[in-house]
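**Student:** coordinates only, no sequence provided:
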């Protein structure tokens, strides 16, 4: 099906009760009206690359064969992209002050221009108007999209004339879309609907860490989005340690796991929750991480990225360190040279549509090796295999979020805050709780907790 957008960014439809032709906002409810289809997009209504090759863009003269506009003639407008729709010398016209479509004689003006749009592209426009978007070319905060006059799709300072952008390339949609400004300047937008998620398994000390991390996320981290936790705890146990005024939704995903390897590998199972596929970006954090600056700059960077990101381990070479998978790389005859490994306690995942295969591959290799060699055969199984998969298959980005993440010992203090502080170098879960509590007290005393 092919619909018609008006010059004003509305869409042609017919009132169901009286059959009157209207133009309504793309985001409007259509409970009382039906969108008008003028046929198949393949009929030549939309200017294509083939038209350019043949140099016949202006040759369109098509009498619509069916539907409410059957018998009306469509021709190219002067802009060589939009259409006029006429019959007996009168042109369909959408007046901005009147929702009812009229017909007028004489020379067709801008209000008599209509842009054909496919059903899939129209659905994509509706999705864009409901969400928040980041423009890759600026550091601006996420913005909503609007459609204005002159067929203009606007997101903050980005303006894209739909006449020069349809048909959309929807291969990466709804997570990203390439647009053209001024008909040729490349722009790229990214959907922004963040999710921060945890894996909280094991004894009560881990639950204490989770509670402290969550508190820091919504205070110093200034996070207002949704949160998920993969856990063996009950909903009641999680709610009991959750701040009462969380600004977003908290989703508890129960996994009744039994041992350390399961606890460590669970982070790669986020894709088993169907709703996780709707988010961009996803940020995984270990429970021994505290937030000490607003997290939004980091989330914006991940959403604009094309790769999974993880913070570099500054002293863990892939070639020699067991903590980042050196034995695996050696067994597979890999030569990483002086390349450093990364810490898998923080993972920035742009979206699951692109990156679920990488997470699934890590999970599969963890399961396969544990089955063959035993569930206790590897020291840092999640991190070792993630580094191996990165080197051999996915090449995670170790530059993007490293400036935001500080790997810390008991001596960390807020004066060195970067955004996240990961107490991975503190030995023992109970000591980590003490260090995390002290760090939060220091933040509060200096007025930095929020």
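**Tutor:** The structure has been received and is ready for your questions. In this text the structure is predicted, and so the values were computed from the model without any measurement.

**Student:** SS state for residue 111?
**Tutor:** The assignment at residue 111 comes out as helix when based on DSSP: H, G, I helix; E, B strand; the rest coil.

**Student:** hang on, isn't it packed against residue 95?
**Tutor:** Yes: using CB atoms under 8 Å, residue 111 is in contact with residue 95, at 6.2 Å. Quick note: C-beta positions are derived from backbone N, CA and C, even for glycine.

**Student:** tell me the mean pLDDT for stretch 434-448?
**Tutor:** Averaging pLDDT along stretch 434-448 yields 92.

**Student:** how far off centre is that stretch?
**Tutor:** Offset of stretch 434-448 from its chain centre (CA atoms, centre = their mean, to the nearest Å): 32 Å.

**Student:** show me what counts as buried in that stretch.
**Tutor:** 435, 436, 439, 440, 442, 443 (16 or more other CB atoms under 10 Å).

**Student:** over to stretch 209-227?
**Tutor:** Neighbour-count burial for stretch 209-227 flags 209-221, 223, 225-227 (criterion: 16+ other CB under 10 Å).

**Student:** low pLDDT regions in the stretch 251-400 of the chain?
**Tutor:** Along the stretch 251-400 of the chain, segments meeting pLDDT under 70 are nowhere present.

**Student:** how many neighbours does residue 361 have?
**Tutor:** 18 (other CB atoms under 10 Å).

**Student:** residue contacts, it?
**Tutor:** 389, 393, 394 (CB atoms under 8 Å, 6 or more residues apart in numbering).

**Student:** of those residues, grab the buried ones for PyMOL.
**Tutor:** Those of the contacts of residue 361 that count as buried under 16+ other CB under 10 Å are selected in PyMOL with:
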select buried, resi 389+394
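
**Student:** any chance of the contacts of residue 361 in CSV, with distance to residue 259 and secondary structure too?
**Tutor:** Shown next, in CSV, are those (distance: CB to CB, whole Å; DSSP: H, G, I helix; E, B strand; the rest coil):
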residue, distance to residue 259, secondary structure
389, 22, helix
393, 27, helix
394, 27, helix
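
**Student:** of the contacts of residue 361, closest to residue 89?
**Tutor:** Distance to residue 89, by CB to CB, is smallest for residue 394 among those, at 62.1 Å.

**Student:** from the buried residues of stretch 434-448, which single one is nearest residue 84?
**Tutor:** For the buried residues of stretch 434-448, the nearest to residue 84 is residue 443 (63.8 Å; CB to CB).

**Student:** helix or strand for the closest one, which one?
**Tutor:** Secondary structure from DSSP states H and E places residue 443 in helix 429-445.

**Student:** packing partners for that helix?
**Tutor:** Contacts defined by 3 or more CB pairs under 8 Å, 6 or more residues apart in numbering; DSSP states H and E place helix 429-445 against helix 204-218, strand 289-291.

**Student:** just send these back as CSV, with distance to residue 91 too.
**Tutor:** Shown next, in CSV, are the helices and strands packed on helix 429-445 (distance: least, CB to CB, whole Å):
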stretch, distance to residue 91
helix 204-218, 56
strand 289-291, 59
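
**Student:** for residue 233, find the nearest of those.
**Tutor:** Across the helices and strands packed on helix 429-445, closest to residue 233 is helix 204-218 (CB to CB), at 6.5 Å.

**Student:** relative to helix 429-445, how tilted is that closest one?
**Tutor:** Comparing the axes of helix 204-218 and helix 429-445 via axes from the mean of the first three to the mean of the last three CA atoms, to 10 degrees yields an angle of 20 degrees.

**Student:** for the spatially most central residue of the chain, phi and psi?
**Tutor:** Nearest to the mean C-alpha position of the chain, by CA atoms, centre = their mean, lies residue 280 at 2.5 Å. Main-chain torsions, residue 280, degrees, to the nearest 10: phi -150, psi 120.

**Student:** bridging residues for it?
**Tutor:** Beta bridges link residue 280 to residue 193, judged by DSSP bridges.

**Student:** and for the one 4 residues further on?
**Tutor:** Judged by DSSP bridges, the bridge partners of residue 284 are residue 197, residue 347.
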